[in-house]
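**Q** Sharing a model prediction with you, sequence too.
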Number of protein chains: 2
Amino acid sequence: MRFLYLAITMLATAPSAFAQGSEAASHIDPVAGVVLSLAIILLGAKLGGHLATRIGQPSVLGELAMGVIIGNLSLFGITALDYLKTDPSIDMLSKLGVILLLFMVGLESTVAQMLQVGWSSFLVGVLGVIGPFVLGWGVGAWLLPEHSVYMHVYLGAALTATSVGITARVLKDLGRSQATESRIILGAAVIDDVLGLLILAVVAGIINAANVGGAMSYGDVAMTLFKATVFLVGSLAIGAKVAPMLFSLASKLQSQSVLLAAGLSFCFLLAWLASTIGLAPIVGAFAAGLILEDVHYREFVERGEHSLEHLVEPIASFLVPIFFVLMGMRTDLRSFADWGVLGLAAALCVAAIVGKQLAMLGVLEKGLDRLSVGLGMIPRGEVGLIFANIGLTLVLGGERIVDQSTFSAVVVMVIVTTVVTPPLLKWSLNRRRPVNIASDSSDR
Amino acid sequence: MRFLYLAITMLATAPSAFAQGSEAASHIDPVAGVVLSLAIILLGAKLGGHLATRIGQPSVLGELAMGVIIGNLSLFGITALDYLKTDPSIDMLSKLGVILLLFMVGLESTVAQMLQVGWSSFLVGVLGVIGPFVLGWGVGAWLLPEHSVYMHVYLGAALTATSVGITARVLKDLGRSQATESRIILGAAVIDDVLGLLILAVVAGIINAANVGGAMSYGDVAMTLFKATVFLVGSLAIGAKVAPMLFSLASKLQSQSVLLAAGLSFCFLLAWLASTIGLAPIVGAFAAGLILEDVHYREFVERGEHSLEHLVEPIASFLVPIFFVLMGMRTDLRSFADWGVLGLAAALCVAAIVGKQLAMLGVLEKGLDRLSVGLGMIPRGEVGLIFANIGLTLVLGGERIVDQSTFSAVVVMVIVTTVVTPPLLKWSLNRRRPVNIASDSSDR
């Protein structure tokens, strides 16, 4: 069929195009560029994963590192792959990947198991926001006293986020997704997302009030909290009732791969719902995974189909590495090149890492590995990068609140917290028991 | 992380955005819209597939029909889903879907098996182009004598394409992908794509020559043929040598899902290569599937991994229905509303269907089901729709060669040939043996 794409160009611009022959029309179908990009990313991910595994690290660290290399080839004058960082198709596929990752992680737990650690998750989430916020504000007040208090608040807020993708992936790589500590971390990340919504509503409210001289609207902040709570409680409570009926209905459909289509649709619908109320789509995908349990689709399994985990696994294997390689690619190593930036960056990194360790105090259960919980909350990942970008757009009374070097320091903090987590978490998780997971290739 | 996307809007436009609260920022992350679209399409596909299966038709017909319904809801004033027809993310995913479909179909055959039917495929492809071209030209000369010969040539050329996606899917639905007849059809579709390249090079050359008064360049036509031949022979010959070495190398990588990543990358690279020389990406994907054989990745299977078919299957189950639902959606039923158009359309449909039956004479093997080969070559699918669009852009001496009603007639021909194929092919394939495939839900 490709000849018809070719034809569009050749015939539409017939007088001039023919002279150039088919060369002129090469690669008109955008999917050709997408599949080439996918091949490069997948091969890079596996090579990076292999090298990381060889030195005893989780695969995801190798994928990140390979992304960093590919994304910084421009430092050596190679710019041919720079388009990958901003390609909309690759970006969309990477986001589908992280949605499916959280869906799969959710499938490995049940709502009941999450509620068992509910209070711990809540406290871990809250403390994991308070710690970095206070320390970040403090670093700002200490090192940048000449700047406004708004910038100090921005620095505090920038340190609060948790990017659960990295942690979820490390836990999966090590086969520990179902440990109690893992459930606490994952639950805390959901709480963290809700708190993030609130913090930003407050920050936006303060800046808005300062700009127009008005008062902050507490009603909107309350409404944000209300909607997020309704979504989380509602989806878990109603979903647990409705899902079995939906899947029982779906099992009556005579068509191929109905279980996979129904499971993915359920995940996608909750991801969309979460998004409509301002939460991350991955929060909805995680909730969908929690809600779905084997009993909901036993009609499918009884007639010989594979389980939902088994069916989603290859799709996730295809899409998830795209997310991590892309995250690595968007890491600009030039941020590390400025010594003036590095001082502030180092202080922010310490604040970000130490601050999140306050979270471990939220673990109520006895005998658990509190350090792993604290370490699991460290990565800021793509969340932090987006937050850093926000800084550049903050304006108060016509003046920018965050300058370029502060922005670069936040970026360095994001990179460091993201890259140190996989090895730290692996060390921590294996610390208290015999190292029975030498390489994740044995963990299949 | 969603809160950060929210934050971009809230903070970047702080003075005005806060008054609208988080509502204003809903759905900023484009992936939320994409996952909602995917849920709608997947659920529609399975419902349509179910209904088609219930009346004894292949699932793909139900997916097409459900697409037609969704795509024409605007006739009843519902336009909320019309964006799906042109959404770039959905379009890209659907193209990935058809690439994976042809890859999977290719995996079910080997190069040696294809070469056994090579001459038949070649003759079927050539005759399947000549038949419709002559009849289409004839219909033009007979019904539209007042138009230029260029329009008659356009009508002939518009009937030549074969959209192998539909046929491949029907064969898969019926579990017949590995029949000799299926191999002949799939091989002929590859030949057809090469011939299409040539026809368009010639047509463009003629119009170019007529416009500028120059002569057609036979050199460029020869070059197009040369490159296509080099790709096909080269990829099959070299690929068969290189693939085992590549997969043996890949099997030494210690990382998860290496086989899947290596297989997909191989498929994607060949799809891209095909595209660079002007062939359809699906031709490259099909070639990749042909080249890869179980022995190439026995190292993986020996250590307990699933086969490549098994791993690609869920990914294809996710993406392939998107392609067929989207193809249905892009079918505009208003094309059928003009009686003046329908006369020409009926003649073109007859020319398109009868003309392709010439292809069955190309089957050299004895005792084969020639009618199924002829019927399998009928669908024009999305290829035909693109060709129809080209017609609107053809200009000679400042005048459009193809008018709106002729364009609509070509569109109707494309719709009819696409929709009649699944039931015809199913009937034909089951005609000569006991109907042992009552529904494709038993065919797993």
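**A** Perfect, I can see it now. Everything numeric in this text was worked out from a predicted model, so none of it was measured.
**Q** where do the strands sit along the stretch 251-400 of chain A?
**A** For the stretch 251-400 of chain A, strands defined by DSSP state E, counting those that start in this stretch occupy the ranges A:395-396, A:399-400.
**Q** Centre of the chain to the last one, how far?
**A** In other words, strand A:399-400. The chain centroid and the centroid of strand A:399-400 are separated by 30 Å, computed with C-alpha atoms, centre = their mean, to the nearest Å.
**Q** May I have the strands that pair with that strand, each with its orientation?
**A** As defined by DSSP bridges, the strand partners of strand A:399-400 come to strand A:395-396 (antiparallel).
**Q** ok, residues contacting the partner strand?
**A** A:S148, A:Y150, A:I207, A:A210, A:N211, A:I401, B:A14 (C-beta atoms under 8 Å, 6 or more residues apart in numbering or on different chains). Every C-beta, even on glycine, is put in place using the N, C-alpha and C of the backbone.
**Q** mind checking which helix or strand the most centrally placed residue in chain A is in?
**A** Centrality entry for chain A: nearest residue to the mean C-alpha point is A:G165, 4.1 Å, by C-alpha atoms, centre = their mean. Using DSSP states H and E, A:G165 sits within helix A:164-173.
**Q** Please enumerate the helices of the stretch 201-350 of chain A.
**A** Along the stretch 201-350 of chain A, counting by DSSP state H, counting those that start in this stretch, helices occupy A:218-250, A:258-276, A:281-291, A:298-302, A:308-329, A:339-357.
**Q** What is the first one packed up against?
**A** Spelled out, that is helix A:218-250. helix A:180-212, helix A:258-276, helix A:281-291, helix A:298-302 (3 or more C-beta pairs under 8 Å, 6 or more residues apart in numbering or on different chains; DSSP states H and E).
**Q** what's the angle from that helix to helix A:281-291?
**A** 40 degrees (axes from the mean of the first three to the mean of the last three C-alpha atoms, to 10 degrees).
**Q** what pLDDT, on average, does helix A:218-250 get?
**A** Averaging pLDDT along helix A:218-250 gives 81.
**Q** Next, the angle from the helix holding A:G165 to helix A:281-291.
**A** 40 degrees.
**Q** Please enumerate residues in contact with helix A:164-173?
**A** By C-beta under 8 Å, 6+ apart, the surrounding residues in contact with helix A:164-173 are A:58-60, A:98, A:101-102, A:104-105, A:177, A:179, A:182, A:185-186, A:189, A:192, A:282, A:320, A:323-324, A:327, A:376-377, A:379, A:381-382, A:418, A:421-422, A:425-426, A:440, A:443, B:256.
**Q** Separate out the buried members of those.
**A** A:58-60, A:98, A:101-102, A:104-105, A:177, A:179, A:182, A:185-186, A:189, A:192, A:282, A:320, A:323-324, A:327, A:376-377, A:379, A:381-382, A:418, A:421-422, A:425-426, A:440, B:256 (16 or more other C-beta atoms under 10 Å in any protein chain shown).
**Q** Run through the stretch 101-250 of chain A and note the low-pLDDT ranges.
**A** A:197, A:200-201, A:204-205, A:208, A:213-217 (pLDDT under 70).
**Q** rerun at 80
**A** Along the stretch 101-250 of chain A, the model assigns pLDDT under 80 to residues A:108-109, A:112-114, A:116, A:163-164, A:193-225, A:228.
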